[in-house]
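Peer 1: Here's a sequence, model it:
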Amino acid sequence: MPGVTVAKQFLTGAGLLGRGLGLVLRSPKLLGLGLVPALIAGLVYSTALFFLINYLPELSRTVTWFADGWAEWGRDVVQVFAGLGLLGLSVLLGILTFTAVTLLIGDPFYERISELVEDRFGGVPDEVEVGFWPSLRRSLADSLRLIGLSILLGVPLFLLGFVPVVGQTVVPVLGGALGGWVLAVELTGVPFQRRGQRLRQRRAVLGANRPLALGFGVAVFCCFLIPLGAILLMPAAIAGATLLARQSLGYDITGPGSARRGSGSGGLADHQLRR
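Peer 2: This next block holds a predicted model:
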């Protein structure tokens, strides 16, 4: 049945995050390196959130200038809702942009994690070698496009969240699906670039495996909503995204050395992952 198949693919995609976590936990060194960029990004975002909360009353008064002549109770109510709206929108934008910013900061670390995962399952035939600066420029360009798309779609969804009934039922589901899709596309950037494929090809491949990609992305999105989840699970998300890219491109990920290359590299990579 088509519905059962879609649900199975969705759950399989969600399970890739768990598999990624298992792979990363086998290498404490890689886990530590993978946490560094996320910690830096987390510190930056936490600082920005601190200043936002500190200046939130002033910002609320600024955006509710039209209520200056209202009765005090009415003005206070409008300012409170404006403050909540600004805070909620800022948190949403933080979630949608955190991954892109972290990937830019930690590009070399996450490439190493992705490379070892690839090697464990047979490597990448005809790998395209890309220099550091060209890779950084491509990552920056792709990230800016995805951030722009996230803001373009995320802000209207946030505003729709204030609509009674629809905002509490349909919008959270759409928001999770949107966030999951964006995360799946963002996190698979490294393995697709290793194959010489850019954002357009990435979206096409993942679109052909949409239930699988959404399952993985939604699982990551939900975990990132947990305090410190985005920081602690970023290395696992990178490893899981590498598995997602391989499976979407038709590579076997059932065991070491099971890809299209010989099985010799699988044992070496498995040893490296445990170091």
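Peer 1: With adjacent residues omitted, what lies nearest to the residue nearest the centre of the chain?
Peer 2: The residue lying closest to the centre of the chain (Cα atoms, centre = their mean) is Leu183, at 3.1 Å. Leaving aside its sequence neighbours, Leu183 sits nearest to Gly217 (Cβ to Cβ, 6 or more residues apart in numbering; 4.5 Å). Placement of C-beta: from N, CA and C, glycine included.
Peer 1: Okay, buried residues for whichever helix or strand the residue nearest to the centre of the chain is part of please.
Peer 2: According to DSSP states H and E, Leu183 maps onto helix 166-187. By 16 or more other Cβ atoms under 10 Å, the buried positions in helix 166-187 come out as 171, 175-176, 178-187.
Peer 1: Please save the CA atoms from it in PDB.
Peer 2: Backbone C-alpha positions of helix 166-187 (Å, rounded to 0.1, in the frame of the first residue of the first chain) are rendered in PDB as follows:
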ATOM      1  CA  VAL A 166      -5.600  26.600  12.400                       C
ATOM      2  CA  GLY A 167      -2.600  28.200  14.200                       C
ATOM      3  CA  GLN A 168      -2.700  25.400  16.800                       C
ATOM      4  CA  THR A 169      -3.200  22.400  14.500                       C
ATOM      5  CA  VAL A 170      -2.200  22.800  10.900                       C
ATOM      6  CA  VAL A 171       0.600  25.400  11.300                       C
ATOM      7  CA  PRO A 172       2.800  23.400  13.700                       C
ATOM      8  CA  VAL A 173       2.600  20.400  11.300                       C
ATOM      9  CA  LEU A 174       3.500  22.600   8.300                       C
ATOM     10  CA  GLY A 175       6.200  24.400  10.300                       C
ATOM     11  CA  GLY A 176       7.800  21.000  11.300                       C
ATOM     12  CA  ALA A 177       7.600  19.800   7.700                       C
ATOM     13  CA  LEU A 178       9.200  23.000   6.400                       C
ATOM     14  CA  GLY A 179      11.900  23.000   9.100                       C
ATOM     15  CA  GLY A 180      12.600  19.300   8.500                       C
ATOM     16  CA  TRP A 181      13.000  19.800   4.800                       C
ATOM     17  CA  VAL A 182      15.300  22.700   5.100                       C
ATOM     18  CA  LEU A 183      17.500  20.900   7.600                       C
ATOM     19  CA  ALA A 184      17.600  17.800   5.400                       C
ATOM     20  CA  VAL A 185      18.800  19.900   2.400                       C
ATOM     21  CA  GLU A 186      21.300  21.900   4.600                       C
ATOM     22  CA  LEU A 187      22.900  18.900   6.400                       C
END
